[in-house]
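Sequence first, then the predicted structure, then my questions.
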Amino acid sequence: MADAIGALFVRDLKVSSNRGRILLSAPKLDIAAGAAVGIKGPSGAGKSTLLFALAGLQQNCTGAIKWGSVDLTAANQTAKAKFRRDHLGIVFQDFLLFDELGPLENGAIQSLFRPKTARAGLRTAASATLKQLGVSRDTGDVTTYSGGERQRISVARALAHDPAILLADEPTANLDRDAADALATDLVSQAKGKGRTLIVVSHDQSVLDQMDRVITVKDGVVA
Ligand SMILES: Nc1ncnc2c1ncn2[C@@H]1O[C@H](COP(=O)(O)OP(=O)(O)OP(=O)(O)O)[C@@H](O)[C@H]1O
């Protein structure tokens, strides 16, 4: 399964700022497809920079970031966008939902820019994941839902296209303890249940405890 799209191979990665300062280096990082991996480290260490590089969203990267046979550092913007559309789901600290829409409209938001033939499937998948995650009502916009529910809606959105890879950047930072624990459990079960690779940046030890493995980033270097 060396070429499984969820298998990550990073070599000699360097990420620079626009002014040429090295923000992050990762000499070697391998993650097996289907693994659940935490990324920890002090504030400003470069964790989000690493996660965004792995998503093909970070500028000024050199070296190799390969997901299966797709080399993101060699890909142009169109190819990177296609990779994300086909294979990647992302969950953000601040949810990044559309406040004026409800859970299903947010969960299935991708249907607005997907081919007509894919739209019904996306809505069905988002609806099923919302149910699995316990977001059972679909009344009112998402501002009427709790933080934990909103983050679960953003997980349903990230998974609607059935990606092989799920990335999350501090997904529990805005949640209370109970909601954070539940969300971490949900992320792991949604990933493991479908053999997805899960990579979670977190300061939260109870989130990191649920991962198969934890990587440390310190002073811009991935250990
Ligand atoms: N586009 C950019 N241009 C210049 N510096 C940047 C850029 N993006 C990030 N940085 C710097 O890179 C370093 C790493 O930032 P990053 O957000 O990856 O850290 P982090 O480990 O995720 O921190 P936190 O835990 O506080 O979110 C920081 O010093 C930050 O100021």
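Thanks, I have the structure now. Not measured: the values here are computed from a predicted model. Numbering: from 1, shown residues only.

Secondary structure class of the residue nearest the centre of the chain, three-state.
A centroid search over the chain (CA atoms, centre = their mean) returns Leu167, at 1.8 Å, as the residue closest to the centre. Assigned with DSSP: H, G, I helix; E, B strand; the rest coil, Leu167 falls in the strand class.

repeat for the one 4 residues further on
Reducing the assignment at Pro171 to three states with three-state DSSP gives coil.

What parts of this protein come near the ligand?
Taking CB under 6 Å from any ligand atom, the part of the chain that reaches the ligand is made up of 17, 23, 41, 43-49. Where C-beta positions appear, they are placed from N, C-alpha and C, glycine not excepted.

so which pair among these is furthest apart in space?
Ser17 and Gly41 (18.2 Å; CB to CB).

Which one's more surrounded, those two?
More crowded of Ser17 and Gly41, by other CB atoms under 10 Å: Gly41, with 21 against 11.

What's the local residue count around the nearest residue to the more buried one once chain neighbours are set aside?
For Gly41, ignoring the flanking residues on the chain, the nearest one in space by CB to CB, 6 or more residues apart in numbering is Val217 at 3.8 Å. Applying other CB under 10 Å, we find 23 other residues in the vicinity of Val217.

what does Leu101 give?
16.

picking that back up, pLDDT score for the residue nearest to the centre of the chain?
You'll see Leu167 listed with a pLDDT of 98.

Counting neighbours, which of the residues of the chain next to the ligand end up buried?
23, 41, 45-49 (16 or more other CB atoms under 10 Å).

From the residues you listed, pick the one nearest Ala120.
For those, the nearest to Ala120 is Ser48 (34.6 Å; CB to CB).

what's the nearest residue to that closest one once chain neighbours are set aside in contact with, if anything?
Nearest residue to Ser48, sequence neighbours excluded (CB to CB, 6+ apart): Asp169, at 5.6 Å. Contact partners of Asp169, counting by CB atoms under 8 Å, 6 or more residues apart in numbering, are 47-48, 51, 90-93, 201.
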